[in-house]
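A.B. asks: please work out how this folds:
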Amino acid sequence: MVISDCTVGMGITGSFCSFEKTKDVAKRLVDSFTHVTPVYSYNAQMMNTRFGKAGDFMHTISEITGDEGIRTLQEAERVGPGKLFDVMVIYPCTGNTAAKLANGIVDTPVLLAAKAHLRNGRPLVIGISTNDALGINFKNIGK
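C.D. replies: Model prediction:
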């Protein structure tokens, strides 16, 4: 397999202060791989913050990737059986998402897509974005 021919799922969780950098990550992925599909957590989809409006952010990511993305649990269910991604990246990955992933809690599209992707024995890359990585989230990151 040629790495540039890979399809990438990009899980985006609610580390709102990382959203500007997330746009850059999306651009780099699009420049390097055949197709990039965003997968949004519910918080990333719905929460307007001092860092911007959720709808504007998702619109920008859709423009970068050319894909509206996966936004529901029902859509995320297709990831496993359809073997949709060669690799999945979760960036930014909040401490909350890392904790849920480490403990088998699957209650957002990002987490369900990651679980389904891992079930296929395919690589998952996690870009941690948390201000307590050396505190309470350390054990979940290690797991």
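A.B. asks: show me where pLDDT drops low in the chain?
C.D. replies: 1-2, 130-143 (pLDDT under 70).
A.B. asks: cutoff 80 now
C.D. replies: Within the chain, the stretches with pLDDT under 80 are 1-4, 130-143.
A.B. asks: just the strands in it please.
C.D. replies: Using DSSP state E, the strands found in the chain span residues 7-12, 35-40, 87-93, 124-128.
A.B. asks: for these, which one sits closest to P109?
C.D. replies: Taking Cβ to Cβ, strand 35-40 is the member of the strands of the chain nearest to P109, at 5.5 Å. Bear in mind the C-beta positions are built from the backbone N, C-alpha and C, glycine included.
A.B. asks: just want the angle from the closest one to strand 7-12.
C.D. replies: 20 degrees (axes from the mean of the first three to the mean of the last three Cα atoms, to 10 degrees).
A.B. asks: good, we can wrap up now.
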